[in-house]
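**Q** Here is my input; please provide its structure:
(one chain, ligands or ions: 1)
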Amino acid sequence: MSYHTQSFNEYIAQHHERFLAEFAKFIAQPSVAADNRGVQEMCDMVAERFRQLGAAVTIYPTAGSPVVYAEIGPKDAARTLIIYNHYDVQPEDPIELWDTAPFEMVIKEGVIYGRGTSDDKGELLSRIQAVEAWLKTQGDLPVRIKWVVEGEEETGSAHLADWVKEHAAMLQADGVLWEGGGYDEAGRPMFGLGGKGLAYFELRCQGPNHDLHSSIAPIVVNPAWRLVWALSTLKDANDQITLDDYMQHVRPLSTEELALIDAVPMEFEAMRERWGISNWIKGQTDHQARRDYIAAPTINICGFHSGYGGAGSKTVLPAEASAKLDFRLVDGLTSPLAERLLRAHLDRRGFTDISITDLGGEEFAASRPGSLVQHAAIAASQDTWDKTPIMYPWFPGSGPMHPFGVVLGIPLIFAGATWHPDIRAHSPNENIFVKDYVESMRFTAAFIARFASLEA
Ligand SMILES: [Zn+2]
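**A** So this is what the prediction gives:
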């Protein structure tokens, strides 16, 4: 170990109450990107916290939420690390399902509740506090850190890719430490080298100019039926994607990737139990479910709205129907390709009346195994928990990794351990364990030490 862990651990123990008090302030400041609530205030609060560290801080306005950018550590350090986090949170609704006030830190039996506790303010602040503890107990940092904290991750990071491209020269680095590292049901740290892409569309079909009496159904087209028919052409009853010319773009997995995927342990029984289901789609085996979960593209219906859905009956022919779809993208698929093929597919079948609105997307990104950040994360996991992490070749979820990992070509790693299996991210009663909050500091210090000292 290349830093003095005892003094580091003593420092974070001595300052535990203050660190939690800072966390309470972060949680108490709403920063909901979806309706631009408190975003600027949160941005300023994060910038101020970086200034307290002695970092050089710049707030970059974008067409959406500003980016907080902080640099700290010796300018002539041999290695430079980008750390990515976000300061925005998901909306708190449905608020009636919260057991505590969403924008108030409540600690009960070792669990900290509040919006943003795990996604992503807890990880952001615990990493900042780790750097503080390092500076107070170890001296200067052994690496240059470039911290990118964006404010619209929860709405799809619409302006981050352009910002990264614009500042490509400033963002040169040897690796990226991403957000969102967690652990599974068995307590094994789960790290990853990237994530699937995402394309999000709204499909809309317009019928008569207002809802009609349903007796008119024999002679006026029902937009809900139109949309159901259109959607039913995108997947067959065996759950195979049937979007024209789509699947041929999927890059086949290499044997190395298949081996990585097959080596990922999953608690299938516990997952089924938690979700209240008895088997996987198509009745497939756990073995195949693992491969599909990680490597299969999806076309998912997130929501469908039309006509009357209230209590009892109401006979109506709705004026319009809409559906929200998300496509998880694997290597070879991109969001512009998905939109182009979807439009052509619908037109070819006569659904020219169904509009497609692009609601944002993110491209697939996965770093190749064997990078310095990957080795540093594995070593830091052993230092912190005495455990070898599970390594996903990419996660089934998505995030704005593409600008860093692919456009700039910097190897990245999802690593850390603030996400336990029941954090309720995006849901009521979002939480983080006090223990994980503290361990995130220890992991961050170990990661920095390993990143600085491991042979490339
Ligand atoms: Zn989130």
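**Q** C-alpha from now on. contacts and neighbour counts both.
**A** Fine.
**Q** okay, residue 274: pLDDT?
**A** We have a pLDDT of 85 for residue 274.
**Q** got it, and residue 1?
**A** pLDDT, residue 1: 55.
**Q** Stretch 142-155 - what's its average pLDDT?
**A** The average of the pLDDT scores along stretch 142-155 is 97.
**Q** got it, and stretch 63-77?
**A** For stretch 63-77, the per-residue pLDDT averages 97.
**Q** Just the terminal-to-terminal distance for it.
**A** One end of stretch 63-77 to the other measures 34 Å (C-alpha to C-alpha, to the nearest Å).
**Q** in that stretch, what counts as buried?
**A** 65-73 (16 or more other C-alpha atoms under 10 Å).
**Q** Show me what that stretch is in contact with.
**A** By C-alpha atoms under 8 Å, 6 or more residues apart in numbering, the surrounding residues in contact with stretch 63-77 are 33, 36, 39-40, 43, 46-47, 50, 54-61, 140-152, 158-159.
**Q** Spatially nearest residue to residue 316 (excluding sequence neighbours)?
**A** The spatial neighbour of residue 316 that comes closest, neighbours along the chain excluded (C-alpha to C-alpha, 6 or more residues apart in numbering), is residue 214 at 4.5 Å.
**Q** and what of residue 383?
**A** residue 446 (6.7 Å).
**Q** how far away is the one you found from residue 384?
**A** 7 Å.
**Q** list the buried ones in stretch 258-278?
**A** In stretch 258-278, counting by 16+ other C-alpha under 10 Å, buried: 260-262, 264, 266, 268.
**Q** picking up where we left off before, and the residue nearest to residue 383, how close does it get to residue 266?
**A** Taken as C-alpha to C-alpha, the span from residue 446 to residue 266 is 26 Å.
**Q** Then residue 68?
**A** Taking C-alpha to C-alpha, one finds residue 68 at 36 Å from residue 266.
**Q** that older thread, just the closest of the buried residues of stretch 258-278 to residue 362, please.
**A** Proximity of the buried residues of stretch 258-278 to residue 362 was ranked by C-alpha to C-alpha; the top entry is residue 261 with 22.0 Å.
**Q** From what I see, that closest one and residue 393 are in contact.
**A** Yes. The criterion here is C-alpha atoms under 8 Å, and residue 261 meets it with residue 393 at 6.9 Å.
**Q** Overlap in contacts, the two.
**A** Common neighbours of residue 261 and residue 393 (C-alpha under 8 Å, 6+ apart) do not exist.
**Q** Let me see the ranges of the helices in the chain.
**A** In the chain, the helices defined using DSSP state H lie at 5-14, 16-28, 39-53, 122-138, 160-166, 223-232, 255-262, 268-275, 286-295, 335-348, 372-385, 402, 434-453.
**Q** Nearest to residue 356 among those helices would be which one?
**A** Among these, the nearest to residue 356 by C-alpha to C-alpha is helix 335-348 (7.4 Å).
**Q** Which neighbouring elements make contact with the closest one?
**A** strand 197-206, strand 354-362 (3 or more C-alpha pairs under 8 Å, 6 or more residues apart in numbering; DSSP states H and E).
**Q** Out of the ones you listed, which gets nearest to residue 380?
**A** strand 197-206 (27.8 Å).
**Q** Give me the contacts around stretch 420-430.
**A** Applying C-alpha under 8 Å, 6+ apart, the external contacts of stretch 420-430 come out as 90-95, 97-100, 102, 113-119, 182-185, 431-432.
**Q** Alpha carbons of it, as CSV, please.
**A** Output of stretch 420-430 as CSV, limited to C-alpha atoms (Å, rounded to 0.1, in the frame of the first residue of the first chain):
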residue,chain,number,x,y,z
HIS,A,420,-26.2,-2.0,-2.6
PRO,A,421,-29.0,-4.1,-4.2
ASP,A,422,-31.8,-2.2,-2.6
ILE,A,423,-30.8,1.5,-2.9
ARG,A,424,-34.1,2.4,-4.6
ALA,A,425,-32.4,4.8,-7.1
HIS,A,426,-35.0,6.7,-9.0
SER,A,427,-37.7,5.4,-6.6
PRO,A,428,-39.2,6.5,-3.2
ASN,A,429,-37.0,5.8,-0.2
GLU,A,430,-33.7,6.1,-2.1
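**Q** Show me which residues of that stretch are buried.
**A** 420, 423-430.
**Q** What is the nearest of those to residue 25?
**A** Using C-alpha to C-alpha, the buried residues of stretch 420-430 come closest to residue 25 at residue 430, 16.2 Å.
**Q** Next, work out how far apart that closest one and residue 66 are.
**A** Taken as C-alpha to C-alpha, the span from residue 430 to residue 66 is 25 Å.
**Q** what does the domain assignment say about this protein?
**A** 5-195+364-453, 197-250+297-362 (automatic domain parsing).
**Q** Return the most buried member of those.
**A** Among the domains of the chain, domain 5-195+364-453 has the highest mean neighbour count (mean count of other C-alpha atoms under 10 Å), at a mean of 20.
**Q** and the end-to-end length of that domain?
**A** End-to-end span of domain 5-195+364-453 (C-alpha to C-alpha): 15 Å.
**Q** what residues are up against the residue nearest the centre of the chain?
**A** Residue closest to the average C-alpha location in the chain (C-alpha atoms, centre = their mean): residue 399, at 4.7 Å. Contacts for residue 399 (C-alpha under 8 Å, 6+ apart) come out as 153, 156, 195-197, 362.
**Q** So what does it have for phi and psi?
**A** phi -170, psi 170 (degrees, to the nearest 10).
**Q** In terms of pLDDT, where does it sit?
**A** Value for residue 399, per-residue pLDDT: 93.
**Q** Now do it against residue 443, distance only.
**A** 22 Å.
**Q** same thing with residue 39?
**A** Counting by C-alpha to C-alpha, the gap from residue 39 to residue 443 is 28 Å.
**Q** next one: residue 170
**A** Distance from residue 170 to residue 443, by C-alpha to C-alpha: 26 Å.
**Q** do residue 135 as well
**A** 15 Å.
**Q** Check residue 88 too.
**A** 23 Å.
**Q** How about residue 69?
**A** Relative to residue 443, and taking C-alpha to C-alpha, residue 69 is found at 22 Å.
**Q** Among the buried residues of stretch 420-430, which pair sits farthest apart?
**A** 420 and 428 (15.5 Å).
**Q** before we move on, back to that, out of the helices and strands packed on helix 335-348, which is closest to residue 293?
**A** strand 197-206 (13.6 Å).
**Q** Report the spatially closest residue to residue 78, excluding sequence-adjacent ones.
**A** Residue nearest to residue 78 in three dimensions, not counting chain neighbours: residue 143, with 6.8 Å by C-alpha to C-alpha, 6+ apart.
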